[in-house]
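Asker: What follows is a predicted protein model with its sequence.
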Amino acid sequence: MNNDEIRVSLLKRSRASKNERWGKLISGACITIIIGVVVSIFYFVASKGLATFFEDKVNLWKFLTGTVWNPSAKDAQGNPQLGALPMIVGSFSVTFLAAIIATPFAIGAAVFMTEISPRLGKKVLQPVIELLVGIPSVVYGFIGLSVVVPFVRHLFGGSGFGILSGTFVLFVMILPTVTSMTVDALNAVPRAYREASLALGATRWQTIYKVVLRASISGIITAVVFGMSRAFGEALAVQMVIGNAMLLPQNLISPASTLTSVLTMGMGNSVMGSLSNNALWSLALLLLIMPLIFNILIRWIGKKGAMRS
Amino acid sequence: MTPRKWDKVATVVLYMISIFIIFVLAFLLLYILITGLPHVSWHFITGKSSSFQAGGGIGVQLFNSIYLLVLAMIISVPLSLGAGIWLSEYAPKNWVTSLIRNAIEILSSLPSVVVGLFGFLVFSIQMNFGFSILSGALALTVFNLPLLTRKVEDSLQAIHYTQREAGYALGLSRWETVIHVVVPAALPGIITGMILGMGRIFGEAAALIYTAGQSSPPLDFSNWNPLYIASPLNPMRSAETLAVHIWKINSEGIIPDATQVSAASSAVLVLFVLLLNFLARYVGNRLYAHLTGVKERN
């Protein structure tokens, strides 16, 4: 055989190595697109949301603490009335209340699934929780509207729309998420811990309460914070039951609103680029920042938990 | 109270909590099915929706939901496969990779409303797609990508490294090993994840209100040319999906039978999602059994 031919074929890239480069290129391109999407979400929402403060010169502090939301009218000094406090209070109250109610139930169910009866847990509760996750949020909203709202109205009077109804709906919505994450946290506790405690003569409940739950506390808190981040961003189900009144909520059964509910109701009714539209984008920016804060919180808790063990 | 009595009390309480959760699910499902199913008929599933009178159907909405689902999956499956392969097989262990992972995590934790608004701003307005199926499918892709990518990466990571080494030992390149060895072995997990993702997309409404729109123009089901304006396949027409329809008739609608229509639509929606969940489990297990010869996956 000609020496040159061998030389050429040895120095040329083989088909496999060309394939390899293509494969790397294609998969790299896919990841680049995803990163591009993340960056552009932040860029677009931030540029729109910050326009309220930089172009329309709205005071950030007044925006966060004002209680009157009426973008089309101006107050006595001629400043636009953009007070987002009612929505912020609404969002945080439904989130925290839902988390407060959901946490004991989630921990109880998770303990049942890991410590009391793993067999029933896997056969019955696991599928139940998976099904609960699968139900779409509008369906939760519809059930909230046709069951929870009349129930609250019947029990406490008023219209039935309000923070309490929103809390109930969110409670059911975040319960499965928090439960399954808590189960993971409990399963991560080494078996030896339980055996050591039982060998010391502790009852099952003492073992659960004094050993297992304490060893997995950072995992449980992470689960709850994650559930809260879910609850904070939930839009339609809450919007359907909260009453959509842009007032500072007086009590749990008076109509209120959340950041998400104002956005879903208002975005269609305002003109792009107008002040009221920019103000809505500022709310969206708040909604974008909160999951970030929750995320950082989760990481921080995870790190603290990891250091101790 | 002795510790032993406390133990008994705690056990009873834990049982009660578990029963309560099961009761909640049973109530939800029974409520939807009992109030909704009597209203579901062939006429309801295929009929046109009405804006004012009672007796409207959900035919167009159901079609829109399925069409959007298909389009969104067509866009997001290849992207998430590529991204998952990169993360699992090619990603170097450095700060750039961990930054990318964090970015994907953040994308998956964003509220769907924000994703919808982003889609509205970028796809509907900047790219001039308007309220269209295309904008909706792209928004759903953004919403779905992080979870699918994670699922693909996890499934690929679960494949033992000896399988890759066997591929390299046979003289395959890394890419060939991935395509011919690792991805087929990870297929059950990937497919399960994809079908579950479909269930999520099918029920999603918040991301679609301002991208796919809240109205459905009259459709001509005899003309399937995608370029024809009233064609069901035209990706540039606005399309109200089933989930959006439920939201709309409950919050803004004025039809007199809103409760029945939304109960029936919810029933259809929930049955579809449940079907997808069972399908995911079934297909995953069958595929696993087919590929490995092991009967039961734990």
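Answerer: Arrived safely. Residues are numbered from 1 along each chain as shown, chains lettered A, B, ... in the order given.

Asker: Is residue A:279 in contact with residue A:82, as I believe?
Answerer: Yes. The pair residue A:279 and residue A:82 passes the contact test of Cβ atoms under 8 Å, sitting 5.0 Å apart. (Glycine included, C-beta is placed from N, CA and C.)

Asker: gap between the closest residue to chain B within the stretch 201-309 of chain A and residue A:25?
Answerer: Per Cβ to the nearest Cβ, residue A:233 is where the stretch 201-309 of chain A lies closest to chain B, at 2.5 Å. Going from residue A:233 to residue A:25 by Cβ to Cβ, to the nearest Å gives 35 Å.

Asker: neighbour count winner among these two?
Answerer: Set side by side, residue A:233 and residue A:25 give different neighbour counts by other Cβ atoms under 10 Å in any protein chain shown, the larger being at residue A:233 (26 against 12).

Asker: How about the contacts made by the more buried one?
Answerer: Counting by Cβ atoms under 8 Å, 6 or more residues apart in numbering or on different chains, residue A:233 makes contact with A:260, A:287, A:290-291, B:109-114.

Asker: Now tabulate these in JSON lines and tack on secondary structure, neighbour count and distance to residue B:285.
Answerer: Converted to JSON lines, those look like this (DSSP: H, G, I helix; E, B strand; the rest coil; neighbours: other Cβ atoms under 10 Å in any protein chain shown; distance: Cβ to Cβ, whole Å):
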{"residue": "A:260", "secondary structure": "helix", "neighbour count": "29", "distance to residue B:285": "38"}
{"residue": "A:287", "secondary structure": "helix", "neighbour count": "24", "distance to residue B:285": "39"}
{"residue": "A:290", "secondary structure": "helix", "neighbour count": "23", "distance to residue B:285": "39"}
{"residue": "A:291", "secondary structure": "helix", "neighbour count": "22", "distance to residue B:285": "34"}
{"residue": "B:109", "secondary structure": "helix", "neighbour count": "18", "distance to residue B:285": "30"}
{"residue": "B:110", "secondary structure": "coil", "neighbour count": "24", "distance to residue B:285": "32"}
{"residue": "B:111", "secondary structure": "coil", "neighbour count": "24", "distance to residue B:285": "33"}
{"residue": "B:112", "secondary structure": "helix", "neighbour count": "23", "distance to residue B:285": "30"}
{"residue": "B:113", "secondary structure": "helix", "neighbour count": "27", "distance to residue B:285": "35"}
{"residue": "B:114", "secondary structure": "helix", "neighbour count": "26", "distance to residue B:285": "36"}
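
Asker: Where is pLDDT lowest across those?
Answerer: Least confident by pLDDT among the contacts of residue A:233: that is residue A:291, with 83.

Asker: what about residue A:102, which helix or strand?
Answerer: Assigned by DSSP states H and E, residue A:102 belongs to helix A:85-111.

Asker: wait, does that helix make contact with chain B?
Answerer: Yes. Counting by Cβ under 8 Å from any Cβ of the partner chain, chain B has neighbours in helix A:85-111: A:104-105, A:108-109, A:111.

Asker: I'd like the average pLDDT over the helix or strand following that helix.
Answerer: The C-terminal neighbour of helix A:85-111 among helices and strands, as given by DSSP H and E, is helix A:118-120. Averaging pLDDT along helix A:118-120 gives 86.

Asker: by how many degrees do the helix or strand that helix A:118-120 is followed by and helix A:85-111 diverge?
Answerer: Per DSSP H and E, the first helix or strand lying C-terminal to helix A:118-120 is helix A:126-134. Counting by axes from the mean of the first three to the mean of the last three Cα atoms, to 10 degrees, helix A:126-134 points 160 degrees away from the direction of helix A:85-111.

Asker: Could you list the buried residues of helix A:126-134?
Answerer: Judged by neighbour count using 16 or more other Cβ atoms under 10 Å in any protein chain shown, the buried positions of helix A:126-134 are A:126, A:128-129, A:131-134.

Asker: and chain B, which of these contact it?
Answerer: Applying Cβ under 8 Å from any Cβ to these, one finds that A:128-129, A:131-132, A:134 fall near chain B.

Asker: Now pLDDT too, for these, in TSV please.
Answerer: Output for these, formatted as TSV (pLDDT from 0 to 100):
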residue	pLDDT
A:128	86
A:129	87
A:131	84
A:132	85
A:134	83
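
Asker: Now distance to residue B:68 too, for the residues you listed, in JSON lines please.
Answerer: Putting these into JSON lines (distance: Cβ to Cβ, whole Å) gives the following:
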{"residue": "A:128", "distance to residue B:68": "29"}
{"residue": "A:129", "distance to residue B:68": "27"}
{"residue": "A:131", "distance to residue B:68": "23"}
{"residue": "A:132", "distance to residue B:68": "24"}
{"residue": "A:134", "distance to residue B:68": "18"}
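
Asker: Point out where the stretch 1-150 of chain A drops to low pLDDT.
Answerer: Along the stretch 1-150 of chain A, the model assigns pLDDT under 70 to residues A:1, A:75-78.

Asker: Name the nearest residue to the residue of it at minimum distance from chain B, ignoring sequence neighbours.
Answerer: Ranking the residues of the stretch 1-150 of chain A by distance to chain B (Cβ to the nearest Cβ) places residue A:136 first, at 2.5 Å. Sequence neighbours aside, residue B:203 is the residue nearest to residue A:136 in space, at 2.5 Å (criterion: Cβ to Cβ, 6 or more residues apart in numbering or on different chains).

Asker: Spit out the contact partners of the one you found.
Answerer: With Cβ under 8 Å, 6+ apart, residue B:203 has these contacts: A:134-139, B:243, B:269, B:273.

Asker: quick one on the thing from earlier: name all residues that make contact with the residue of the stretch 1-150 of chain A closest to chain B.
Answerer: Applying Cβ under 8 Å, 6+ apart to residue A:136 gives the contacts B:202-205, B:243, B:269-270, B:273.

Asker: Could you single out the nearest of those to residue A:174?
Answerer: Nearest to residue A:174, judged by Cβ to Cβ, of the contacts of residue A:136 is residue B:203 at 16.1 Å.

Asker: And the closest one, how far from residue A:103?
Answerer: With Cβ to Cβ as the criterion, residue B:203 and residue A:103 are 25 Å apart.
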